[in-house]
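Novice: just coords:
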């Protein structure tokens, strides 16, 4: 009986530790991506040169691809795919210089990132 309790405690502790590590990683990557998207939003509003905007969106895409590789192990692929789709649409709009259509995409992408962050957080709402 005592062995069973110890094994259960060890398993639960490992699960909680793994969740804490993955949550920190997710929060850091989402925070970085959100900050870069907000910088891109400000650059769009200031109507900077298209080369500067394309450089920023390429940086965001590369950063998201690197984060996506690790997060795909523990986050639903549908959620990650939504961000990738929005970034692709954002890149296309910036490429053809449709800045008025790019701004709502930036906002949607930030919203999706915040949704992912909330979804993977360890709280009672997500447990039950």
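Specialist: Received the coordinates, thanks. As the structure is a prediction and not an experimental result, all values here were calculated from the model.
Novice: what's around residue 56, how many residues?
Specialist: Look at residue 56: counted by other CB atoms under 10 Å, it has 18 neighbours. Placement of C-beta: from N, CA and C, glycine included.
Novice: Next one: it relative to residue 110, how far apart?
Specialist: In this view, residue 56 and residue 110 are 14 Å apart by CB to CB, to the nearest Å.
Novice: do residue 54 as well
Specialist: Counting by CB to CB - residue 54 and residue 110 are separated by 19 Å.
Novice: The two - which one has more neighbours?
Specialist: residue 110 (19 against 13).
Novice: Quick check: the more buried one touching residue 31?
Specialist: No - in this structure, residue 110 is not within contact of residue 31 by CB atoms under 8 Å, at 11.1 Å.
Novice: From the contact counts, what lies against the one helix or strand residue 6 maps to?
Specialist: Taking DSSP states H and E as the criterion, the element that holds residue 6 is helix 2-45. Based on contacts counted as 3 or more CB pairs under 8 Å, 6 or more residues apart in numbering; DSSP states H and E, the elements that helix 2-45 packs against are helix 50-71, helix 99-120.
Novice: just how off-centre is that helix within its chain?
Specialist: With CA atoms, centre = their mean, to the nearest Å as the basis, helix 2-45 stands 11 Å off its chain's centre.
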